[in-house]
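[1] could you work out the structure for the sequence below:
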Amino acid sequence: MAKTIFITGAGSGLARGASLGLAKKGYRVIATTEITSQKTDLMREAREEKLDIEVFKLDITNPRDRVEIEKYEFDVFVANAAINERGPLGEVPMDRFRKIFEVNVFATLETVQAAARKLVKKGSGKIVFMSSMAGIMAAPYGGPYAATKHALEGIASSLQKELEGFGVQVATINPGPYETGFNDRAAEEQWKWYDEKLNFTRKQDMKEKEEGLNNQFDPKDMIEKMIEILPADHHKFRTAYPEETEQQMKKTEQERWDMEI
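    The predicted structure follows:
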């Protein structure tokens, strides 16, 4: 019997592409979206492609929405829903910093706890955290997002050992920078509060770092990798992709050991 894969945050980006791709391969997909307009749009595309995907609205920060997870049976739970926001950590407004943690860490773990209870009871299954290269690396002005993904790496590593004895696997997927609009929207957010007259961070420095957004990868390859990894019974604990991103992550980890101030 084909596996059932539950994916949060499938209204856009990599998870949307993976949901459609997994359904095409014959897997049963439960795809959730943050807002109802995303649900409508994903259902429309699924119908056009003649795909059997179950779609429902799940804002992971909403307790009433999270309760819905309990109603479904699945083999793989993909904790993908996330937001992104750039900004200098020395000045980022704390309400914005708290918000990104609320979504990417606290609400994410609450959905994972709901999934863990179901999978432990069943005695099998897999939880996959959509982490990032930012779970290992941290660049200037990308600190808010990197901090949340570093936290997820710690959560995933601990949880992997804790659930192993219950027959439940835990893994991470760590994409490099893909051109889905996710990173571009994050860059725009910082300009809503930044003011050259009030903030000490130099606008020119922030703009220079933004130029890296001009070299993002085509998401098609990452979606294919997710379609391969998510239902698989055996693979590495961490799947970093593409290869150059994996090498970059390993190099950065080594450099931290040698770094001086």
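[2] which stretches in this protein count as helices?
    Using DSSP state H, the helices of the chain run over residues 13-24, 36-48, 63-66, 94-101, 108-122, 143-164, 182-189, 203-210, 219-229, 243-258.
[3] and stretch 95-104, C-alpha only, in PDB?
    Provided in PDB are the C-alpha atoms of stretch 95-104 (Å, rounded to 0.1, in the frame of the first residue of the first chain):
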ATOM      1  CA  ASP A  95       8.100  41.400  18.200                       C
ATOM      2  CA  ARG A  96       9.200  40.400  14.800                       C
ATOM      3  CA  PHE A  97      11.900  38.100  16.200                       C
ATOM      4  CA  ARG A  98       9.400  36.500  18.500                       C
ATOM      5  CA  LYS A  99       7.000  36.000  15.600                       C
ATOM      6  CA  ILE A 100       9.500  34.000  13.500                       C
ATOM      7  CA  PHE A 101      10.300  31.800  16.500                       C
ATOM      8  CA  GLU A 102       6.600  31.300  17.200                       C
ATOM      9  CA  VAL A 103       6.000  29.900  13.700                       C
ATOM     10  CA  ASN A 104       9.300  28.200  12.900                       C
END
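[4] by mean pLDDT, flag the weakest helix or strand of this structure.
    Every helix and strand in the chain was compared by mean pLDDT, DSSP states H and E; the lowest is helix 182-189, with a mean of 92.
[5] adjacent strands (with direction) for the longest strand along the chain?
    Secondary structure assigned by DSSP state E gives strand 168-175 as the longest strand of the chain. Sheet pairing for strand 168-175, assigned by DSSP bridges, gives strand 125-130 (parallel), strand 238-241 (parallel).
[6] how about those, which one is nearest Phe166?
    Of all the strands paired with strand 168-175, the one in closest proximity to Phe166, counting by Cβ to Cβ, is strand 125-130 (9.3 Å). C-beta: built from backbone N, CA, C; applies to glycine.
[7] can you give the contact residues for the closest one?
    Residues outside strand 125-130 that contact it (Cβ atoms under 8 Å, 6 or more residues apart in numbering): 9, 14-15, 74-80, 82, 108, 112, 115-116, 118-119, 152, 155-156, 159, 163, 167-173, 175, 229-230.
[8] could you flag which of those residues are buried?
    When the contacts of strand 125-130 are checked for burial by 16 or more other Cβ atoms under 10 Å, the buried set is 9, 14-15, 74-80, 82, 108, 112, 115-116, 118-119, 152, 155-156, 159, 163, 168-173, 175, 229-230.
[9] can I get the strands paired with strand 168-175 in JSON lines with mean neighbour count and distance to Phe97?
    Listed next are those as JSON lines, based on neighbours: other Cβ atoms under 10 Å; distance: least, Cβ to Cβ, whole Å:
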{"stretch": "strand 125-130", "mean neighbour count": "25", "distance to Phe97": "20"}
{"stretch": "strand 238-241", "mean neighbour count": "21", "distance to Phe97": "26"}
